[in-house]
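> would you be able to build a 3D model of this:
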Amino acid sequence: MPDTESGQPVSSPSNRARASTTPSQATFRTSVEPVRPKPRAQPAPAPVPTTTAAPAATPRPAVKRAKKLPAGISVTIHAGADNDWSVTVTQGAKRPGKAVPVAPDAVERAVRELGEPTAIEAVESIIVAARDMAAARVDELSRQLEEARKMLEALGATD
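Next comes the predicted model:
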């Protein structure tokens, strides 16, 4: 009879007797070893602090992360028909902020600081046109005031 491990016949007395009586029948002995659980690893004991002075570990400074810069910024200067100037700021894909009114001379100074000749020329041309319109209005109002004074004198009013 073959042994399950080696494939050779088992030579035990009871098996030999069976093998001689029934040659066509063979019985096999299987040996099954029980499964033994693996031993669990014992946690390592906590290290005992030594009394010798170990060099103190220097604490690492916290890593500071820079704030993310906006994708882009757009500053829009708008000059209205009545010489009303305003500035609107848009950051990245956000909706534009509220238009803030600014004085024309502040816009002129800011554009001069930028040093862009095309922008300077555009702003100055608008400001010059606004000054000319204001001067024409002052002349017209002065003429109307003089006419009103003459009319008042003609009606006999005394100053």
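
> buried ones in the helix or strand containing residue 139, by neighbour count?
If you go by DSSP states H and E, residue 139 is part of helix 117-154. Along helix 117-154, these residues count as buried under the neighbour rule (16 or more other C-beta atoms under 10 Å): 123, 126-127, 130. Where C-beta positions appear, they are placed from N, C-alpha and C, glycine not excepted.

> hmm, who's touching stretch 82-101?
Outside stretch 82-101, the residues that touch it by C-beta atoms under 8 Å, 6 or more residues apart in numbering are 70-80, 102-104, 106-107, 130, 133-134.

> out of those residues, which sit inside strands?
73-79, 102 (DSSP state E).

> closest one to residue 119 out of these, please.
Closest to residue 119 out of the ones in strands among the contacts of stretch 82-101 is residue 77 (8.7 Å), distances taken as C-beta to C-beta.

> wait, that closest one sits on residue 107?
Yes. The pair residue 77 / residue 107 is scored as a contact, 5.8 Å apart, by C-beta atoms under 8 Å.

> quick one, which of these two is more surrounded?
residue 107 (19 against 16; other C-beta atoms under 10 Å).

> look at residue 110 and say how many residues are nearby.
15.

> which of the contacts of stretch 82-101 count as buried?
Among those, those buried by neighbour count (16+ other C-beta under 10 Å) are 77, 79, 104, 107, 130.
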